[in-house]
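Peer 1: Need coordinates for the following:
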Amino acid sequence: MNRIQLIQEIFSKTDFTNYLEIGCQKGKSFLPIKAKNKTAVDPLFKIPIRRRLKWLIKWPSNRKNRYFQEESDNFFAKRKEYLRQLGHLDIVLVDGLHNFRTSLNDVLNSLNYLNPKGLILMHDCYPPNAAAAYPSEFFPSDEEIKNIEGWADEWCGDVWKSVVYLIRKYPDTLEVGVINTDYGLGFVMPKSAMKERDFRIDEKLFAEIDKLTYEDMMKDPKGTINLKEAGHAEKIISKITSGSK
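Peer 2: Numbers count the residues shown, from 1 in each chain. Here you go, the predicted model:
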């Protein structure tokens, strides 16, 4: 089950209405999702017109989509009123810049608006090899790629470190882990209603986790990122959908 299938299954079985995708760019995962209110954030959208038309025909409600062409930090800083009007975010997909700080910021900002029964997914949390896990602020440059052994044009970066951070920082507040599918789907779910929503980065903890390497994580992925088998997706769907309609 990939991210699109998991997200759609939850929307089809609940009364959820609000979907946010951070890192939409070409719209491959955003446009197929059937949800009442869909919001996309990306610094530079590159959605082919044929793809827009295809999914507008298949899902006419796509005409109501909201697109914010800006960096995610700016979106959360500037669009507070828009987010308040939505009421809450039911499902969020974090798939923007594949680095530790950006992905963590996106999750923490999303938590401020998340439905207590909602879900945040992070893509690319279980890189297939060390080359794909190459840590970089942006997609590796041509010069960097020359020096990355085993490079196969797959870049997950070090998003997995955000999972480690969330597990260590919020053990009593959040249920966090990674499903072993679709390059690793990180999941973040509130364990209970979150009364305190002051989610700021603990720089000391961040620096500690940032020192970890891909090899460190791979020594014990179950212990480090709470890696779950692919079938765990069904358990998440069951947990969210039970009693939600």
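Peer 1: Would you mind listing where this structure has pLDDT under the threshold?
Peer 2: For the chain, applying pLDDT under 70 flags the ranges 193, 195-197, 243-245.
Peer 1: would you list every one of the helices in it?
Peer 2: 3-13, 49-58, 72-78, 80-86, 100-111, 142-146, 160-169, 203-210, 214-219, 221-225, 232-241 (DSSP state H).
Peer 1: would JSON lines of those with distance to Tyr19 and mean neighbour count be doable?
Peer 2: The way it works is simple: take the backbone N, C-alpha and C, and place the C-beta from them, glycine included. Listed next are the helices of the chain as JSON lines, based on distance: least, Cβ to Cβ, whole Å; neighbours: other Cβ atoms under 10 Å:
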{"stretch": "helix 3-13", "distance to Tyr19": "7", "mean neighbour count": "18"}
{"stretch": "helix 49-58", "distance to Tyr19": "14", "mean neighbour count": "12"}
{"stretch": "helix 72-78", "distance to Tyr19": "15", "mean neighbour count": "16"}
{"stretch": "helix 80-86", "distance to Tyr19": "10", "mean neighbour count": "12"}
{"stretch": "helix 100-111", "distance to Tyr19": "12", "mean neighbour count": "23"}
{"stretch": "helix 142-146", "distance to Tyr19": "33", "mean neighbour count": "10"}
{"stretch": "helix 160-169", "distance to Tyr19": "20", "mean neighbour count": "24"}
{"stretch": "helix 203-210", "distance to Tyr19": "28", "mean neighbour count": "13"}
{"stretch": "helix 214-219", "distance to Tyr19": "29", "mean neighbour count": "14"}
{"stretch": "helix 221-225", "distance to Tyr19": "25", "mean neighbour count": "16"}
{"stretch": "helix 232-241", "distance to Tyr19": "14", "mean neighbour count": "17"}
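Peer 1: what about the closest residue to Leu86 other than its chain neighbours, distance to Gly184?
Peer 2: Of all residues not flanking Leu86 in the chain, Asn18 sits nearest, at 5.1 Å (Cβ to Cβ, 6 or more residues apart in numbering). The gap separating Asn18 from Gly184 is 25 Å, by Cβ to Cβ, to the nearest Å.
Peer 1: Report the angle between the strand ranked longest in the chain and helix 160-169.
Peer 2: Identified as the longest strand of the chain according to DSSP state E is strand 114-122. Interaxial angle, strand 114-122 versus helix 160-169 (axes from the mean of the first three to the mean of the last three Cα atoms, to 10 degrees): 140 degrees.
Peer 1: other SSEs contacting strand 114-122?
Peer 2: Where contact means 3 or more Cβ pairs under 8 Å, 6 or more residues apart in numbering; DSSP states H and E, strand 114-122 is packed against helix 3-13, strand 89-94, helix 100-111, strand 185-190, helix 232-241.
Peer 1: what's the burial count for Lys34?
Peer 2: Using other Cβ atoms under 10 Å, Lys34 has 15 neighbouring residues.
Peer 1: i'd like the first residue to be 669 from this point on
Peer 2: OK, 669 is where the count begins now, so the last one is Lys702.
Peer 1: Distance-wise, check the nearest residue to it once chain neighbours are set aside relative to Gln676.
Peer 2: Excluding the flanking residues, the one nearest Lys702 by Cβ to Cβ, 6+ apart is Trp727, at 5.4 Å. According to Cβ to Cβ, Trp727 stands 11 Å off from Gln676.
Peer 1: okay, and the common contacts of these two?
Peer 2: Pro700, Lys702 (Cβ atoms under 8 Å, 6 or more residues apart in numbering).
Peer 1: No more questions from me, cheers.
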